[in-house]
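Chemist: pasting a predicted model and its sequence here:
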Amino acid sequence: MSVFTPLARPELETFLAPYGLGRLLDFQGIAAGSENTNFFISLEQGEFVLTLVERGPVQEMPFFIELLDVLHDANLPVPYALRTTDGVALRELAGKPALLQPRLAGKHIKQANAQHCAQVGELLAHLHLATKDNMIKRKTDRGLDWMEEEGGKLLSHLDTEPRQLLEAALEEISLKKVGILALPRANIHADLFRDNAMFEGTHLTGLIDFYNACSGPMLYDVAIALNDWCSDDDGVLDGPRARALLGAYAALRPFTAAEAQLWPTMLRVACVRFWLSRLIAAESFAGQDVLIHDPMEFQQRLAQRQKVHALLPFAL
Ligand SMILES: Nc1ncnc2c1ncn2[C@@H]1O[C@H](COP(=O)(O)OP(=O)(O)OP(=O)(O)O)[C@@H](O)[C@H]1O
Ligand SMILES: N[C@@H](CCO)C(=O)O
């Protein structure tokens, strides 16, 4: 289970006291999640989630806090950093940046249908519309340069077939980089997988885990989401789900001609990003009690996306 930093009750009680939310009733490490340490926290005044941020520089934390405030103020269903009675949002616990957030209702779904996908597309468009004119700048630490660098290093670890697949994708990234970086931008979630959305029945109740959020091409966010929400088990894109997600998104923010043109490339870039991070995690956490997502899933998806040539059907 991915509790990288275990906590004892007394240190937790000391940490929680300044929020003024009552006594600690219960707490529980969360096994799901692969990058940060999370605890469900029951206090007298409600249910919360405590996150200890395990990855990325501490100086980035104000970005996440500000972005979640902006999205919360725009009435989007996201968690946000609660303040202590002295107004402090970013705290430290066990030497890690620590945030207390409201616990959102709902649970993750494994099998997405077109109805789920339409809501994801709609909410993603709202997220982009809420930030595109006042984007808060943050360069991702897993962008195109990172993909080229880490991908280059990993090539020699791969067998012939995956190596050729990755080589072709890295070549395409290098060729299309300028065009990708010129696409319309906003603040993007950059990790909108099924395990980062909550549903109650068929109703989307929230998005969580903004720790990969950054400023970047909106189309990249759409491609990341689509690759997870609309793939079959063998990595093939499911037409009805893909059309539902893209249609709902484009109804609120129509795609530009440049986005339509770069769509097949972007689907592949979004596969490379997660194939590489999963390969790196699998190597660095091998044998440890940490949730590791299967890298092969993205190798398969990338192989399937090499066959995608159709431009976006919903462009201006
Ligand atoms: N605000 C919240 N409300 C309800 N549940 C939450 C909240 N934040 C986190 N969780 C729960 O904790 C789990 C892990 O959280 P999260 O996805 O942020 O961790 P992570 O390590 O960053 O995961 P990932 O593998 O997606 O990077 C989620 O799957 C969800 O069940
Ligand atoms: N969503 C990512 C993990 C967190 O970034 C994956 O499935 O590889």
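Modeler: Good, I have the coordinates. Numbers count the residues shown, from 1 in each chain. Ligands and ions are numbered 1, 2, ... in the order given.
Chemist: wait, Ala315 touches Pro254, no?
Modeler: Yes - at 7.1 Å, Ala315 counts as touching Pro254 under the criterion of CB atoms under 8 Å. Using the backbone N, CA and C atoms, a C-beta is placed for each residue, glycine as well.
Chemist: A strand includes Leu175, no?
Modeler: No - counting by DSSP: H, G, I helix; E, B strand; the rest coil, Leu175 falls outside a strand, being helix.
Chemist: what about it, how many neighbours?
Modeler: 11 (other CB atoms under 10 Å).
Chemist: confidence score at it?
Modeler: pLDDT for Leu175: 98.
Chemist: distance of it from Thr202?
Modeler: Distance, Leu175 to Thr202, using CB to CB, to the nearest Å: 41 Å.
Chemist: one more: Pro62?
Modeler: Relative to Thr202, and taking CB to CB, Pro62 is found at 36 Å.
Chemist: just Lys307 next, same as before
Modeler: 31 Å.
Chemist: now the helices for the stretch 1-150 of the chain?
Modeler: 9-16, 61-73, 114-131, 144-154 (DSSP state H, counting those that start in this stretch).
Chemist: can you list the residues that contact the longest one?
Modeler: When contacts are taken as CB atoms under 8 Å, 6 or more residues apart in numbering, the neighbours of helix 114-131 outside the stretch itself are 67, 70-71, 74, 76-77, 109, 112, 186-189, 192, 197, 199, 202-204, 207, 218, 221-222, 225, 229-230, 240-253.
Chemist: which of the residues you listed fall within strands?
Modeler: Mapping the contacts of helix 114-131 onto strands (DSSP state E) picks out 186-188, 197, 199, 203-204, 207.
Chemist: ok, so of these, who is nearest ligand 2?
Modeler: Nearest to ligand 2, judged by CB to the nearest ligand atom, of the ones in strands among the contacts of helix 114-131 is Ala197 at 11.3 Å.
Chemist: tell me the pLDDT of that closest one.
Modeler: 98.
Chemist: closest residue of the stretch 201-316 of the chain to ligand 2?
Modeler: For the stretch 201-316 of the chain, CB to the nearest ligand atom, closest residue to ligand 2: His293, 4.1 Å.
Chemist: and the stretch 201-316 of the chain, which of its residues are near ligand 1?
Modeler: For the stretch 201-316 of the chain, the residues in contact with ligand 1 (CB under 6 Å from any ligand atom) are 208-209, 211.
Chemist: isn't the residue of the stretch 201-316 of the chain closest to ligand 2 up against Ile280?
Modeler: No - counting by CB under 8 Å, His293 does not reach Ile280; the two are 11.3 Å apart.
Chemist: which residues are in contact with both of these two?
Modeler: Between them, His293 and Ile280 share no contacting residue, judged by CB under 8 Å, 6+ apart.
Chemist: domain map for the protein?
Modeler: For the chain, automatic domain parsing gives the domain ranges 9-102, 114-305.
Chemist: which of those sits most buried?
Modeler: For the domains of the chain, the largest average neighbour count (mean count of other CB atoms under 10 Å) is found in domain 114-305, namely a mean of 18.
Chemist: need the distance between the two termini of that one.
Modeler: 20 Å (CA to CA, to the nearest Å).
Chemist: Gly95: what's it in contact with?
Modeler: Counting by CB under 8 Å, 6+ apart, there are no residues that Gly95 touches.
Chemist: what about it, distance to ligand 2?
Modeler: Gly95 sits 22 Å away from ligand 2 when distances are taken as CB to the nearest ligand atom, to the nearest Å.
Chemist: Gln101 now?
Modeler: 17 Å.
Chemist: that residue pairs with what?
Modeler: Val49 (DSSP bridges).
Chemist: with distance to ligand 2 added, can I get the residues of the stretch 201-316 of the chain next to ligand 1 in JSON lines?
Modeler: JSON lines is the format used below for those (distance: CB to the nearest ligand atom, whole Å):
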{"residue": "Ile208", "distance to ligand 2": "11"}
{"residue": "Asp209", "distance to ligand 2": "7"}
{"residue": "Tyr211", "distance to ligand 2": "8"}
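Chemist: nearest to ligand 1, of the residues you listed?
Modeler: For these, the nearest to ligand 1 is Asp209 (3.3 Å; CB to the nearest ligand atom).
Chemist: and the gap between the nearest residue to that closest one once chain neighbours are set aside and ligand 2?
Modeler: Counting by CB to CB, 6 or more residues apart in numbering, Asp209 lies nearest to Asn196, which is 4.4 Å off, once chain neighbours are set aside. Distance of Asn196 to ligand 2, computed by CB to the nearest ligand atom: 7 Å.
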